[in-house]
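Peer 1: Sharing a model prediction with you, sequence too.
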Amino acid sequence: MFLLDFGLVVRESPRFDARTNTMTIVDELHQNFTDILATIPESEVSLRNVASEIFRKGLLLSAASLFEKQLTELISKMTTVWGRDNVLLLEFIRINAIERKYHTYFDWDSGKANRFFGLFGDDFKTKMVQRCKSDQKFDEAVKAFVQLGSDRNRLVHQDFGAFSLEKTAEEIYLQYQTAIHFINELSQCFTDYRDPATLRREQTDAPKPDLHGVPND
């Protein structure tokens, strides 16, 4: 699921963008190239290989770019909602934590999102690491997300044209579909989180229970 305005819950098929209820560019690209490949005769081996190579690289870049856009938009949305009308704070965060900073959020070679979780404090990181240990689907989504980012980095930094991508198009698309769960759940993780200081304040400010008439035993 993905939370709109941190309140409205929208559930979706893995093939759809929950925010617009439409196929994403990655879904469309996968479908279009699948259709194109189907028109190339099996006997045209070289042509099919060239088309497949271009397709796989384009699909990987599209998936990684879409996730970058969605994650940075989520963080921007979160700071806008919670920062409210504090323009100075919002601009500071936008310039120093969002614009052109995405690729520093993760340790892409680790296969984990611990560095990203740690950007929001040790307590949040601890809770999210525990979530990965206890929630297999979420953990697999995190790993798929980070792996896509890692593959994207290798592709663009190691001679795009000559780079040999090991994964098939279907493997890339499956990894993309698996990683969607991480993005969709992250909004809820931020919304549900309560840091220890906030919890203490909430507990202190909470009305005391009425114990009148309750036996001491």
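Peer 2: Looks like it arrived, so ask away.
Peer 1: and the closest residue to residue 53 other than its chain neighbours, how many residues sit next to it?
Peer 2: What sits nearest to residue 53 in space, not counting adjacent residues and going by C-beta to C-beta, 6 or more residues apart in numbering, is residue 165, at 7.4 Å. Yep, even glycine has a C-beta here, placed from its N, CA and C like the rest. Number of residues near residue 165 (other C-beta atoms under 10 Å) recorded here: 17.
Peer 1: tell me the contacts of residue 165?
Peer 2: 53, 56, 57, 60, 151, 155 (C-beta atoms under 8 Å, 6 or more residues apart in numbering).
Peer 1: From the residues you listed, keep the buried residues only.
Peer 2: 56, 57, 60, 151, 155 (16 or more other C-beta atoms under 10 Å).
Peer 1: what's the least confident helix or strand in this structure, going by average pLDDT?
Peer 2: The weakest-scoring helix or strand in the chain, judged by mean pLDDT, DSSP states H and E, is strand 8-10 (a mean of 29).
Peer 1: most centrally placed residue in the chain?
Peer 2: residue 183 (3.1 Å; C-alpha atoms, centre = their mean).
Peer 1: Doesn't that residue lie inside a helix?
Peer 2: Yes - with DSSP: H, G, I helix; E, B strand; the rest coil as the criterion, residue 183 is assigned to a helix.
Peer 1: Test my guess that it contacts residue 74.
Peer 2: Yes - shown here, residue 183 and residue 74 form a contact pair, counting by C-beta atoms under 8 Å, at 7.5 Å.
Peer 1: Would you point out the most distant pair within the contacts of residue 165?
Peer 2: Longest distance between any two of those is 14.3 Å, between 53 and 151; criterion C-beta to C-beta.
Peer 1: Thanks a lot, see you next time.
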